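Participant: sequence and predicted model, in that order:
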Amino acid sequence: MQILLDIWAATGVDLPVNVFFETPTIRRMAAGMRDGGALIAPDLVLLRAGDASTPLFLFPGHAGYLIHLIDLAHALDYPGAIYGIAYSGLDGAGPFYDRFEQEAERAVRIIRQAHPAGPFRLVGYSIGGITALETARLLRREFGDAVVLGLIDTPQNDHSWPYRVWLPFIARKVAGGLRRRIRRALARTQREDSPGAAASGQPRRRGTQLGYRFRDPRDPDYPFYSPYWADGHTPNYTRVGEHVCRMKGLYNPSRYDGKVFFFVSAGGDPLACHPQQVWPKYLPDVEWIGVPGNHINAMFGRRAARLASEMSDRLKRSAPGA
């Protein structure tokens, strides 16, 4: 992200966040900036080559940052090609969606163009899991059990958590914040403002997670109150981030009857409740698989290899005729 920020600051060129896959060297990136090729965000990115007849489609978290999926993709014991599908609008061209269901319709078109007949294997990480879930729902209408779905640390929005889940979570957050303030006061330290926002002119995060549940997702400023909001990114990535925050706020989970492999990191996401507290109501046929690490580092290095091992086993088990 810092490389992209530096390029934007020096040249005014806002490169798509996944540009490194299409232009993996400085020379090719510079050439792509000259001819315009590097300014286009592809709908489908090949993360690892393999058998084209048995592809696996991965959906990234955050605002579509595919680099988080690289270690997992290369560690998977899977014969098929592995692709990444990021959100629309990363090159500023749009369209920009406010509903995961719209992103899912787009994903189905992309997947069917690459792989018309199925079976379909989809895995979604973090918030990308919701896009994967809604994509799987659409594909199941035509292909039934030929759709295999895996989710990794996929959250719901604060608005949909039952109060019996939300209240203890918020109480722990408030207590933890008080403890941190006391420690800082005793150490006579002062909290420093985060860099980047003032220079880029982008809004900083406002409010706390305590009040976020009660905000209207249709409010123009809603994304900036999200506990996930981060400023200091390039304009295109920031714009997509706003829409992802809004999509999450507007999302109403519903029952999905297909088989789901749900991978949950031991350390979890500090900004979300444990998935098992909110998803069983909507996923009647789910297998819960614990993996080491937390929401971020579970996707890298040896922890990604462990996640890949667990996932490879499930993909093999769900293969036709297995």
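Facilitator: All right, it came through fine.
Participant: now Ala230: how far from Gly241?
Facilitator: If you measure Ala230 against Gly241 using Cβ to Cβ, to the nearest Å, the figure is 7 Å. Every residue, glycine included, has its C-beta placed from N, CA and C.
Participant: more neighbours: those two, which one.
Facilitator: The neighbour comparison of Ala230 against Gly241 (other Cβ atoms under 10 Å) goes to Gly241, with 22 against 18.
Participant: now what about the helix or strand harbouring the more buried one, what contacts it?
Facilitator: Element membership for Gly241, per DSSP states H and E: helix 235-250. Applying Cβ atoms under 8 Å, 6 or more residues apart in numbering, the contact partners of helix 235-250 are 1, 4, 8, 14, 16-17, 62-64, 87-92, 96-100, 103, 127, 130, 155, 157, 159, 202, 215, 217-218, 222-223, 226, 228-231, 233.
Participant: ChimeraX command to pick out the buried ones of the residues you listed?
Facilitator: This is the ChimeraX syntax for the buried subset of the contacts of helix 235-250, where burial follows 16 or more other Cβ atoms under 10 Å:
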select :4,8,14,16,17,62,63,64,87,88,89,90,91,92,97,98,100,103,127,130,155,157,159,202,215,217,222,223,226,228,229,230,231,233
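Participant: tell me which of the contacts of helix 235-250 fall in helices.
Facilitator: Those of these mapping onto helices are Leu4, Trp8, Phe100, Glu103, Ile130, per DSSP state H.
Participant: which residue ranges form the strands in the chain?
Facilitator: Taking DSSP state E as the criterion, the chain carries its strands at 45-48, 51-59, 80-84, 120-125, 147-152, 260-265, 286-291.
Participant: distance to Ala319, mean neighbour count and mean pLDDT added to those strands, as CSV?
Facilitator: Below are the strands of the chain laid out as CSV (distance: least, Cβ to Cβ, whole Å; neighbours: other Cβ atoms under 10 Å; pLDDT from 0 to 100):
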stretch, distance to Ala319, mean neighbour count, mean pLDDT
strand 45-48, 18, 19, 97
strand 51-59, 8, 19, 95
strand 80-84, 10, 22, 97
strand 120-125, 9, 25, 97
strand 147-152, 8, 26, 97
strand 260-265, 13, 22, 98
strand 286-291, 16, 15, 97
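Participant: to Glu310, which of those lies closest?
Facilitator: Between Glu310 and the strands of the chain, the shortest gap by Cβ to Cβ is with strand 286-291, which sits at 5.2 Å.
Participant: could you check the angle that closest one makes with strand 260-265?
Facilitator: Angle, strand 286-291 to strand 260-265, by axes from the mean of the first three to the mean of the last three Cα atoms, to 10 degrees: 30 degrees.
Participant: contacting residues around strand 286-291?
Facilitator: By Cβ under 8 Å, 6+ apart, strand 286-291 touches 259-266, 276, 279-280, 298, 303, 306-307, 310, 314.
Participant: rerun that using 10 Å as the cut-off
Facilitator: Defining contact as Cβ atoms under 10 Å, 6 or more residues apart in numbering, one finds that strand 286-291 is touched by 149-153, 256, 258-266, 275-276, 279-280, 298-299, 303-304, 306-311, 313-314, 317.
Participant: so which of the ones in helices among the contacts of helix 235-250 is the closest to Asp43?
Facilitator: Nearest to Asp43 out of those is Glu103 (Cβ to Cβ; 11.5 Å).
Participant: quick one, domains of this protein?
Facilitator: Following automatic domain parsing, one finds the domains of the chain at 2-159+253-317, 162-250.
Participant: what stretches of this structure score poorly on pLDDT?
Facilitator: Residues of the chain meeting the criterion pLDDT under 70: 180, 188-201, 320-322.
Participant: grab the longest helix from it for me.
Facilitator: Across the chain, the helix with the greatest residue count (assigned by DSSP H) is helix 163-187.
Participant: elements contacting it?
Facilitator: Counting by 3 or more Cβ pairs under 10 Å, 6 or more residues apart in numbering; DSSP states H and E, the packing neighbours recorded for helix 163-187 are helix 209-212.
Participant: what about the nearest residue to Asn236 once chain neighbours are set aside, distance to Leu4?
Facilitator: In space, and not counting its chain neighbours, Asn236 is closest to Gly92: 4.4 Å by Cβ to Cβ, 6 or more residues apart in numbering. Gly92 sits 13 Å away from Leu4, going by Cβ to Cβ.
Participant: what do you get for Asp216?
Facilitator: As judged by Cβ to Cβ, Asp216 and Leu4 stand 32 Å apart.
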